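*Asks:* coords below, sequence missing:
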């Protein structure tokens with residue numbers, strides 16, 4: 001007899017984040033809170049580090065957050081009531097403010113840091129800073145029908161810069177951060193409680209040292225900012241001037257996020273844009289494609305009830321990493337727990353540790369039995385799905401997704417599921 005179907009109301013979502021895949025470095029992220037969570041790469045705090053790190057402030061916003069930790073989290077954020085998110089019907093947002101740190105600080109050099117003046121590469125090249133998803137173990141036996149078609153739709157309509165392999169032993173889906181993020185601001189961005197916390201407008205601050213309004217946590221945060229700036233090499237140019245000069249000859253990108261994302265896919269853009277050490281950036285990643293409240297994935301022409309194919313343990317992991325070293329700067333883990341594994345106060349029971357280990361990529365030896373998840377699976381018509389996607393996206397330019405970031409009409413969230 002088949003087990004009863006999994007239902008969203010039987011599970012609790014928890015989001016943690018840290019500078020590595022090791023969960024001992026993670027902290028629980030408050031959802032829909034205007035306050036930012038600070039993450040500091042372990043390498044950046046080491047005076048002997050050969051690899052650079054980052055100072056990171058993170059916010060995660062999720063629409064209809066009724067069953068999640070911490071307990072009593074707001075079910076939504078004012079962020080979703082503002083444009084373009086209301087129009088897009090965006091379901092979640094990952095906002096990040098980060099300052100890359102070089103392999104060595106000027107104080108560590110015999111020349112007192114003067115060699116920085118002559119260095120041509122003063123940061124992370126655009127091609128080498130990636131954002132996306134990965135897993136430490138195979139998930140091929142739990143994938144629903146039509147995954148390859150979904151990948152084609154992702155690359156065709158949402159982000160042509162994505163590269164991935166869902167059937168690999170260590171599945172991944174990555175794209176250059178410069179083309180993956182919906183909004184990129186050179187500068188610290190704005191922190192405004194009425195806007196849901198970190199608010200990122202495409203463009204640049206007028207001055208690299210000016211905060212764009214950290215009203216929600218100004219006092220505490222500015223103290224931290226002062227301490228960090230003592231450790232960072234101060235940028236020579238203001239944020240606005242730096243961006244304007246870099247985008248010269250870009251064909252009129254300006255402060256248009258869609259144009260910047262398309263420009264970022266070009267080889268010359270990947271060479272010109274360097275995430276400069278010591279300079280602060282604010283970015284936002286959002287879309288209407290994952291409904292955490294209903295545990296659904298929806299793309300034009302493709303939809304799936306995630307719980308139907310979920311192995312009960314694997315979590316969703318977003319990673320900001322270096323392409324060359326494969327080392328992460330930031331790891332964000334979304335984990336579902338059965339309700340009976342959570343104490344009343346929101347702490348995890350001992351039996352939840354196994355789920356946590358698996359969700360983060362631990363216990364690699366636990367491999368699904370071949371074909372287990374596909375028994376009684378749905379038939380999937382790839383040609384029909386592609387035709388559906390084309391109909392829904394008629395008039396939308398290649399590579400356009402949610403309005404305000406990857407573009408598009410914002411209608412992606414309205415499609416019917418092809419796989420229940």
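*Replies:* All right, it came through fine. Given the structure is predicted, the values throughout are model-derived calculations rather than measurements.

*Asks:* and the gap between the closest residue to residue 69 other than its chain neighbours and residue 62?
*Replies:* Here the nearest residue to residue 69 in space, its sequence neighbours aside, is residue 14; by CB to CB, 6 or more residues apart in numbering that works out to 4.4 Å. Heads up, the C-betas are built off the backbone N, CA and C, glycines and all. Residue 14 sits 11 Å away from residue 62, taking CB to CB, to the nearest Å as the criterion.

*Asks:* shared neighbours, those two?
*Replies:* Shared between the contact lists of residue 14 and residue 62 (criterion: CB atoms under 8 Å, 6 or more residues apart in numbering) are residues residue 68.

*Asks:* these two - which one has more neighbours?
*Replies:* When neighbours are counted by other CB atoms under 10 Å, residue 14 and residue 62 differ, and residue 62 comes out ahead with 26 against 23.

*Asks:* residues touching the nearest residue to that one once chain neighbours are set aside, list them.
*Replies:* Using CB to CB, 6+ apart and skipping the chain neighbours, the partner closest in space to residue 62 is residue 92 (4.8 Å). With contacts defined as CB under 8 Å, 6+ apart, the neighbours of residue 92 are 60, 61, 62, 63, 286, 287, 290, 292.

*Asks:* next one: residue 336
*Replies:* With contacts taken as CB under 8 Å, 6+ apart, residue 336 has the following neighbours: 11, 12, 13, 295, 310, 315, 359.

*Asks:* backbone phi and psi for the first one, please?
*Replies:* So that's residue 11. When read as degrees, to the nearest 10, the backbone of residue 11 gives phi -130, psi 160.

*Asks:* and what of the fourth one?
*Replies:* Taking degrees, to the nearest 10, you get phi 60, psi 50 for the backbone angles of residue 295.

*Asks:* and residue 262, that's in a strand?
*Replies:* No. Judged by DSSP: H, G, I helix; E, B strand; the rest coil, residue 262 forms no part of a strand; its state is helix.

*Asks:* burial of it, as a residue count?
*Replies:* The burial count for residue 262: 23, using other CB under 10 Å.

*Asks:* tell me the pLDDT of it.
*Replies:* Taken from the predicted model, the pLDDT recorded for residue 262 is 94.

*Asks:* cool, and residue 235?
*Replies:* With respect to pLDDT, residue 235 has a value of 83.

*Asks:* which residues does it contact?
*Replies:* With contacts taken as CB under 8 Å, 6+ apart, residue 235 has the following neighbours: 208, 242, 276, 278, 279.

*Asks:* from residue 126, how far off is it?
*Replies:* When residue 235 is compared with residue 126 (using CB to CB), they lie 17 Å apart.

*Asks:* burial of the closest residue to residue 133 other than its chain neighbours, as a residue count?
*Replies:* Taking CB to CB, 6+ apart, and ignoring the residues beside it in sequence, residue 133 has residue 173 as its nearest neighbour in space, at 4.8 Å. By the measure other CB under 10 Å, the count of residues near residue 173 is 17.
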